[in-house]
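Chemist: The following comprises the amino acid sequence and a computationally predicted model.
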There are 4 protein chains.
Amino acid sequence: MAHPGDVSALADLIDRGELRARDIVAFIGKTEGNGGVNDFTRGYFTQSLMALLARHTGESAEAVAARIPCVLSGGTEGVLSPHFTVFARRTVDTRVDSAVSAAGDASAKLVDNVNGSLAIGTAFTAALPAEAVGRWAQVESVAAAVRAAMADAGLTDPRDIEFVQVKCPCITSARVQDALARGQSVVTTDANRSMALSRAAGAFGIALALGELPASTTDAALLSDFSIACNRASVSSGVEVTCNEVIVLGNSTRWSGPLQIAHAPMRDALDLPAVGAALDRLGIAARPQVAEADRERIAAVLVKCEPDRRGQIRGARHTMLDDTDINAQRHIRGAVGALVAGVLGDGRLFVSGGAEHQGPDGGGLVAVIAAGMA
Amino acid sequence: MAHPGDVSALADLIDRGELRARDIVAFIGKTEGNGGVNDFTRGYFTQSLMALLARHTGESAEAVAARIPCVLSGGTEGVLSPHFTVFARRTVDTRVDSAVSAAGDASAKLVDNVNGSLAIGTAFTAALPAEAVGRWAQVESVAAAVRAAMADAGLTDPRDIEFVQVKCPCITSARVQDALARGQSVVTTDANRSMALSRAAGAFGIALALGELPASTTDAALLSDFSIACNRASVSSGVEVTCNEVIVLGNSTRWSGPLQIAHAPMRDALDLPAVGAALDRLGIAARPQVAEADRERIAAVLVKCEPDRRGQIRGARHTMLDDTDINAQRHIRGAVGALVAGVLGDGRLFVSGGAEHQGPDGGGLVAVIAAGMA
Amino acid sequence: MAHPGDVSALADLIDRGELRARDIVAFIGKTEGNGGVNDFTRGYFTQSLMALLARHTGESAEAVAARIPCVLSGGTEGVLSPHFTVFARRTVDTRVDSAVSAAGDASAKLVDNVNGSLAIGTAFTAALPAEAVGRWAQVESVAAAVRAAMADAGLTDPRDIEFVQVKCPCITSARVQDALARGQSVVTTDANRSMALSRAAGAFGIALALGELPASTTDAALLSDFSIACNRASVSSGVEVTCNEVIVLGNSTRWSGPLQIAHAPMRDALDLPAVGAALDRLGIAARPQVAEADRERIAAVLVKCEPDRRGQIRGARHTMLDDTDINAQRHIRGAVGALVAGVLGDGRLFVSGGAEHQGPDGGGLVAVIAAGMA
Amino acid sequence: MAHPGDVSALADLIDRGELRARDIVAFIGKTEGNGGVNDFTRGYFTQSLMALLARHTGESAEAVAARIPCVLSGGTEGVLSPHFTVFARRTVDTRVDSAVSAAGDASAKLVDNVNGSLAIGTAFTAALPAEAVGRWAQVESVAAAVRAAMADAGLTDPRDIEFVQVKCPCITSARVQDALARGQSVVTTDANRSMALSRAAGAFGIALALGELPASTTDAALLSDFSIACNRASVSSGVEVTCNEVIVLGNSTRWSGPLQIAHAPMRDALDLPAVGAALDRLGIAARPQVAEADRERIAAVLVKCEPDRRGQIRGARHTMLDDTDINAQRHIRGAVGALVAGVLGDGRLFVSGGAEHQGPDGGGLVAVIAAGMA
């Protein structure tokens, strides 16, 4: 991935027959913009990806975008490397493992799963009107979509879920006007606050679907009661979507394939042992760093983090929140990304900020997808 | 250290009698500016520090600044925390360890050494004219100063040296005019390039003093032959100094005190095991993170790093060098700082960029000062 | 002003006897930081200024700071030049003009007024508790201080006032805790929002004192009803003050001296004719640019501006509000500063962002202090 | 132009029949990225534009890109607004003015010219190898292309030329390797310096073609002798091109149409009168601002500027060159863009930095394309 318009690595996988365009169900990736409102590398890469798939499937680019979640996080600060993970799945008539071997390409790290252990499900909700964003209606909308994605993956037990990625809409000026015109109110007119509230509602929705949300929870707890958190929830919010898009990842004996997924909560931005904990669950040692041989087994790493809103990490003052020059999310992605990359010995990992109610307050979570021992 | 004008933590140590102003010989610290040419947090903090010491010693602030090296690196990206380390030493008439106990203050981490194992020496060269910067004359000037600082520390064997910090001048427009007026030429009129050349010459000077520089080396190798590198050299360059300032840190049986120092080279920006290697030499385990009890033994951590100039780390593209929004040095400090902080479980560490010829090419080095087991 | 610690230009004026330290009543200036929360160039310059004055007056630096308003705006984007304006006044026993001639120094532009036309008054309120910030209590506190500053200047008719500069406190985490501990509530816990609310309350307070605030106005209109605006109000907010500091500038026949002041509202960020309108009132032509000879008559220019919150200027989309890389205030200062500097032919002018209720919505105001024709 | 992927304004013009895709010969525009190496808004918009034209002309997107110069400058700092200008031309069989009226669209400002006064010519050179960049070979290559573009426009007298836009390649790591492999040397391996040298060589090439270059000039004068400058040269450099692309704009009686073009040099970044001088030549008054009625006559404004490399503007220090947070080019575009926008009363103008040898040293130039009086 030489730049945000470069989809040649995926084109090669398809051209060489290692991956069928029809089997692709989701994308998660990092592009090299600033990760903020004016980060157009996400749109540029999405345009390029959808044009490529459309050429192969015969659909319009719009149709492809409407059925394949494409979760891109801008910002490859520090040692992070622009890359994307392709999630594909195929139904085969026997349980024999027929996994396409993961392509250890420098640019596109393929996560292919054929009736294997890693289970993948996706779902889209209907368009979410502005008046629902950041309120209980969104919590329920996301919960329903998570259940639908679980069903899509054939997963029935919430305990089998390791990671749920949700991308959800925010409130823009235009959407405010539209809501007011329909006689509705919105929870906030501040776009940035609406993004945080939308992520919070997404996290609550995932917790609800996984049976983790305390029964008495109301939307008053959004961005307020940080004791409520889901260690398997990863949510991003952006102007580019109008509905909630969901990717559910778990492990299932109904699936075959070489890959498995494991997550671990991170208690704060210095929680390096958490990375080892997630790797341990997959039988990969990191004392202190993943060995060269094991590194090839790792297909994807997904991290959620945030700058501690109390201004301190383990008692030492940090300066991320007051920096007018560098956005706090860029700071924390660069920091936690490097910490995880140091354990992996590899900068190709997905790191996203804005972890409200996603993992422990001030921390976040890490998930690893890796192949079993040969 | 609540802001760059806050020296209250040091004032408290002095007021409580835990540290005598007269014993202070050097400062190394991080302030929260951008670390670039227009980072005035270093000047602000230096002004504040020197005014404090002047009040206690009766000297003028200028006199204090002329005898105490004050090496400040701007930029507390990510999990890094503004802090400073005070180096003090005292001569006692017996070899009995009379070390002032290190104050585990959140802001000022005191490194005091009284006839103990950690040995500290400092030296200043005469003012370096612009025509000498980035040329062999600077290499020799720095080498002489390193030898003087070794003598100041009573260190005679280069093998006892673990870390040499040099702060050296660069070429500004005014200094170019001055050199030309005297009929001299300068190696470059580009201020940023002169800073890199000055750091390179500083590293060569340290290597020369430590007996590591290949005999046939000339200044043509500066910023050119990156196989020449010194794993114990840490150099910064700035407009605020006109001479070379040197701090030599080593271990010596002629010194007492609870502290020791150990360094290790970092082969690249993902070399997490290097941090463990330095800690191992001090008997501190980090598998994967320093234990709470051991953390209090650590008095200071010093790191030098740089964004790999070839644009890749272990085969994966990084985007630091082409980023117009965030300076590459800010990226790398945030990344390597977080990786080291993750091993330590503490964001109070010194991280400086611009590691030309300082440690392996594309990597850098880490040094740890810690107290022995109780 | 070579850097934010450089007060040599003022020191020279005092040493040469052109200005008496005792006569100084206020400072307004621009320093070269980022103008945000982590801009320490203001603190650095204030520390340097107060130390200089303390040496000359025999007071402590704290005492000087408590009686002389020092309004510094960080951010010299684009063609703007770091500089400061010194406001001084002296009582003489005749009405004969005995003005010290304005020093056309590149760094310190002296505005001295001796019984002349430009009238200067200052006032400080008592410390404002966090629960008062952004509420009616602050509006009334500022209004009282403006009246006190008018009295200090001997100004009784609000129509004689051309410009009122207020610096007021904001709400920090520590102040929130303090207020809660005393059983009080705060209007917001968001520091940035509290700064905007504080500026809004300051503008309302000025309007109230000048008799411009509609009678039925309540604090519900703060940051809400932008039809309420004062064309003579310039307010900044920061963590460094705990009370409201006020500088009132007007013209009075009870004062002598060569200088006069005139202001004009700016309807938007492209309102170049407004600059000419303010100059016109002082008899200075700018068709299109101030002539060389007239330029020396101008002692100070003060501008307030903001990025239009509706995202458009005269129907064309601007991108300031969505920029994650450069803070919107830096954008607008650089733009409006350049537009005004283009009319003046000089980049030494005070430009401050955050113009809520200060001048027309989406615009701001400009004030010029200049000497009459010789 | 709502974002860098939005070409709907042009699509509408084509769909409504106001413009034929076949008649389009060039694009000049501003996109909202950072204007640096990692500004991908230019690539995103180019991809979108070429896809649109390809759909209409039946060519491949690559073929369209190879014949239509598309000069995009990233960075809409301050009051600047993302927009693009479409240059189209048509041959008609009579000299009767058959100009398509300029569409005063907020997003796409159409410059159409049908046998009118504004004359437009374009040319592409062969690919320029890395060893030619920044050397005399590039000067001659650009000069030849300018002459070819003049011929394309039917312009024979260099005095009829008002503005020449050149886009030229720079040296990247890959191109260095390629040149070395062929046994060639390059003038620099520093990408940023190669961009400056390439712009300088482009300016020299334009001056050569226009008969302005002193006879004895050699490439030693590039970025060295700033007394050599061309007031009609505007050059940008980027990794995205491998050959020199040229757009020549002038006035000719052999052309009809309502539009004319006029330029004026800017002596420094505060040269506001220069804007009036260019407008004067087109019969448009700006004393101080263009009147509402005249504003509609203006089809495009093109500006080139740079931060004065001596660190001062009219004797006052500026801080653009030492700013680690904001790139100097972003500063100067925001400043000079606002100054010109203030005269126009419109933020939709093309402003590009890097004006080495393009207009007076430290200044630049401005060109205006406008329709004659009705």
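Modeler: That came in fine, so what should we check first?
Chemist: Show me what residue of the stretch 201-350 of chain A gets nearest to chain C.
Modeler: Residue of the stretch 201-350 of chain A nearest chain C, by C-beta to the nearest C-beta: A:T324 (2.6 Å). C-beta here means a position set from N, CA and C on the backbone, and glycine is covered the same way.
Chemist: Now that residue, what are its backbone angles?
Modeler: With angles defined as degrees, to the nearest 10, A:T324 sits at phi -80, psi -20.
Chemist: Kindly report the same for the one 4 residues further on.
Modeler: Main-chain torsions, A:A328, degrees, to the nearest 10: phi -60, psi -30.
Chemist: Within the helices and strands, which one has the spatially most central residue of chain A?
Modeler: Centroid-nearest residue in chain A, with C-alpha atoms, centre = their mean: A:Q165, separated by 4.2 Å. Following DSSP states H and E, one finds A:Q165 within strand A:161-169.
Chemist: do A:R175 as well
Modeler: Applying DSSP H and E, one finds A:R175 within helix A:173-181.
Chemist: what about that helix, near chain C?
Modeler: Yes: using C-beta under 8 Å from any C-beta of the partner chain, helix A:173-181 reaches chain C at A:S173.
Chemist: Please see if stretch A:239-251 touches chain C.
Modeler: No: shown here: stretch A:239-251 not in contact with chain C (C-beta under 8 Å from any C-beta), separated by at least 9.4 Å.
Chemist: what does the stretch 1-150 of chain A put close to chain C?
Modeler: So the stretch 1-150 of chain A meets chain C at A:N34, A:G35, A:G36, A:V37, A:N38, A:D39 (C-beta under 8 Å from any C-beta).
Chemist: got the residues you listed as TSV, with pLDDT columns?
Modeler: Below are the residues of the stretch 1-150 of chain A next to chain C laid out as TSV (pLDDT from 0 to 100):
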residue	pLDDT
A:N34	95
A:G35	93
A:G36	90
A:V37	88
A:N38	93
A:D39	94
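Chemist: one step back: what is the rounded mean pLDDT of the strand holding A:Q165?
Modeler: The pLDDT scores in strand A:161-169 average 96.
Chemist: about what we covered before: what's the spacing between the following helix or strand past the helix holding A:R175 and its chain's center?
Modeler: Using DSSP H and E, the helix or strand that follows helix A:173-181 in sequence is helix A:191-209. Remark: helix A:191-209 is offset 14 Å from the chain centroid, using C-alpha atoms, centre = their mean, to the nearest Å.
Chemist: Do helix A:191-209 and chain D come into contact?
Modeler: No: Helix A:191-209 does not reach chain D (C-beta under 8 Å from any C-beta); its nearest approach is 14.8 Å.
Chemist: Report the buried residues of that helix.
Modeler: A:191, A:193-209 (16 or more other C-beta atoms under 10 Å in any protein chain shown).
Chemist: returning to what we had before: and the direction of the helix holding A:R175 versus that of strand A:161-169, what angle?
Modeler: 80 degrees (axes from the mean of the first three to the mean of the last three C-alpha atoms, to 10 degrees).
Chemist: Can you spell out which helices and strands pack onto helix A:173-181?
Modeler: On a contact count with 3 or more C-beta pairs under 8 Å, 6 or more residues apart in numbering or on different chains; DSSP states H and E, helix A:173-181 meets no helix or strand.
Chemist: In that helix, which residues are buried?
Modeler: Quick answer for helix A:173-181 (16+ other C-beta under 10 Å): A:R175, A:V176, A:A179.
Chemist: Pretty sure the second one sits against A:T189.
Modeler: Yes: the pair A:V176 / A:T189 is scored as a contact, 5.4 Å apart, by C-beta atoms under 8 Å.
Chemist: ok so, going back, tell me the contacts of the residue of the stretch 201-350 of chain A closest to chain C?
Modeler: By C-beta atoms under 8 Å, 6 or more residues apart in numbering or on different chains, the contact set of A:T324 is C:N34, C:G35, C:G36, C:V37, C:N38, C:D39, C:N327, C:R330.
Chemist: what's the distance between the nearest residue to it once chain neighbours are set aside and A:D322?
Modeler: Leaving aside its chain neighbours, A:T324 sits nearest to C:G36 (2.6 Å; criterion: C-beta to C-beta, 6 or more residues apart in numbering or on different chains). Distance, C:G36 to A:D322, by C-beta to C-beta, to the nearest Å: 8 Å.
Chemist: now A:V164
Modeler: Distance from A:V164 to A:D322, by C-beta to C-beta: 32 Å.
Chemist: Check A:V25 too.
Modeler: With C-beta to C-beta as the criterion, A:V25 and A:D322 are 41 Å apart.
Chemist: So for these two, which sits in the more crowded spot?
Modeler: Using other C-beta atoms under 10 Å in any protein chain shown as the criterion, A:V25 and A:D322 rank with A:V25 on top: 20 against 17.
Chemist: Assign a three-state SS to that one, would you?
Modeler: The three-state assignment at A:V25 reads strand, by DSSP: H, G, I helix; E, B strand; the rest coil.
Chemist: residue contacts, the residue nearest to the centre of chain A?
Modeler: Per C-beta under 8 Å, 6+ apart, neighbours of A:Q165: A:I28, A:P69, A:V71, A:S234, A:V235, A:S236, A:V246, A:I247, A:L249, A:L302.
Chemist: Do a quick rundown of the strands in the stretch 51-200 of chain A.
Modeler: A:70-74, A:83-90, A:108-114, A:118-127, A:161-169 (DSSP state E, counting those that start in this stretch).
Chemist: Save those strands as CSV, and put in distance to D:Q47 too.
Modeler: Output for the strands of the stretch 51-200 of chain A, formatted as CSV (distance: least, C-beta to C-beta, whole Å):
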stretch, distance to D:Q47
strand A:70-74, 17
strand A:83-90, 18
strand A:108-114, 20
strand A:118-127, 26
strand A:161-169, 23
